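Asks: Fold the following, please.
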Amino acid sequence: MAAASGLTLLVPHERNPWLATTYGTGELIADALERGCRKFLVGIGGSATNDGGVGMLRALGYRFLDKNGAELQGGGNILGSIARIDAAKVHTALRDSEFIVACDVDNPLYGENGAAFVYAPQKGADEAMVQKLDSGLRNYAAAVRDFTGRDVAQIPGAGAAGGLGAAFLAMLGARLVPGVSMVLDALSFTSVIADASLVVTGEGRIDRQTMMGKAPCGVLRAARACGVPVVAVGGSVVECEELCSAGFAGVYAATPCGQPIETAMQSAVAKENLHRCAVVVAADFLL
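Replies: Residues are numbered from 1 along each chain as shown. Next up is the predicted model:
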């Protein structure tokens, strides 16, 4: 979703979750439906939005109406005015579609740990806007409950991506899963590594957060269950107790000690650093 509704698509002065919508994400899904796609693997991190997913749902044919029956269009600014949801024009292919959503946060839809209070400030909201967005999400949750008969507001992940998680859960019947689990399942990872001698995983910076559900942690867990050793390669590595006890067969820093990050991030330099690191890993484990 970040490719269509992401924070990095906006320069700082453009960030405004009161107006930003997930409509573009819905357009991507609608286009895929028209092309015959029926199974969707969706990542919902990095959003610029706090619209509860109403933009996405509007692009798929849902209509959000106020107390006078007028159709609402917008982002977080319409949440507090939603009185009724209409599905008469919803894309018919959604009935036969499956949605699996990568969600690496467990925030509820609203409240002090919800989408508005935790994430809206980094998307451009001031304190007053945060309060209005949270109030709007509460109203939206009630409208969704009236329409679907499901109360998803407190399900972990409902508040992900400005409440997009709630829209997927309640309106599209999605299953929320940790991102790395979704990717490994999609790749049939355990089958792929069945005959492997070694698995190499990594990320930009390896530190204590690596073991908090990030990709290398998931790869390690899956590979060890198959009896295959795992090494991790990071652009930088911060040694810590969590890494030492995690079970990696080795942890390697690709960037030479003292090399400035601006230099290390240059494509040609990064390629050479990784090549040098790969030679060391091969010598240690495979030769």
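
Asks: my guess is R145 meets N139, correct?
Replies: No. Applying C-beta atoms under 8 Å as the test, R145 and N139 come out as separate, 10.8 Å apart. In this view, the C-beta of every residue, glycine as well, is placed from N, C-alpha and C.

Asks: ok, these two, which is more surrounded?
Replies: Counted by other C-beta atoms under 10 Å, R145 and N139 do not tie: N139 has more neighbours, with 17 against 14.

Asks: just checking, R150 is part of a strand?
Replies: No. Per DSSP: H, G, I helix; E, B strand; the rest coil, R150 lies outside any strand segment and is coil.

Asks: per-residue pLDDT, it?
Replies: As predicted, R150 sits at a pLDDT of 95.

Asks: Excluding covalently adjacent residues, which one is nearest to it?
Replies: Excluding its sequence neighbours, the residue lying closest to R150 (C-beta to C-beta, 6 or more residues apart in numbering) is A170, at 5.2 Å.

Asks: ok now do the residue lying closest to K89 once chain neighbours are set aside, which residues does it touch?
Replies: The shortest distance from K89 to any non-neighbouring residue, by C-beta to C-beta, 6+ apart, is to G61 (4.4 Å). The contact partners of G61, by C-beta atoms under 8 Å, 6 or more residues apart in numbering, come to A87, K89, V90, H91.

Asks: what's the most distant pair in those?
Replies: Using C-beta to C-beta, the two most remote members of the contacts of G61 are A87 and H91, lying 10.1 Å apart.

Asks: how about the lowest-mean-pLDDT helix or strand in the chain: buried residues?
Replies: Of all helical and strand segments in the chain, the minimum by mean pLDDT, DSSP states H and E falls on helix 241-244, at a mean of 78. Neighbour-count burial for helix 241-244 flags L243 (criterion: 16 or more other C-beta atoms under 10 Å).

Asks: Just the C-alphas of that helix, formatted as CSV.
Replies: Extracted in CSV, the C-alpha atoms of helix 241-244 (Å, rounded to 0.1, in the frame of the first residue of the first chain):
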residue,chain,number,x,y,z
GLU,A,241,22.8,-10.3,24.3
GLU,A,242,19.7,-11.0,22.2
LEU,A,243,21.8,-11.7,19.1
CYS,A,244,24.3,-13.8,20.9
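
Asks: Could you identify the helix or strand that succeeds it?
Replies: Heading C-terminal from helix 241-244, the first helix or strand you meet, by DSSP states H and E, is strand 250-253.

Asks: Show me what that next one packs onto, helices and strands only.
Replies: Secondary-structure packing of strand 250-253 (3 or more C-beta pairs under 8 Å, 6 or more residues apart in numbering; DSSP states H and E): strand 230-237, helix 267-285.

Asks: quick one, the longest one and strand 230-237 angle?
Replies: In terms of direction (axes from the mean of the first three to the mean of the last three C-alpha atoms, to 10 degrees), helix 267-285 departs from strand 230-237 by 140 degrees.

Asks: sorry, back to before: can you say which of the helices and strands packed on strand 250-253 is packed in most?
Replies: Of these, the one with the most neighbours on average (mean count of other C-beta atoms under 10 Å) is strand 230-237, at a mean of 21.

Asks: Could you pull out the helices in the stretch 1-150 of the chain for me?
Replies: Along the stretch 1-150 of the chain, the stretches classed as helices by DSSP state H, counting those that start in this stretch are 2-5, 23-34, 54-59, 115-119, 127-148.

Asks: Can you lay out these as CSV showing distance to E239?
Replies: Output for the helices of the stretch 1-150 of the chain, formatted as CSV (distance: least, C-beta to C-beta, whole Å):
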stretch, distance to E239
helix 2-5, 31
helix 23-34, 39
helix 54-59, 42
helix 115-119, 30
helix 127-148, 38
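
Asks: With that, I have no additional questions.
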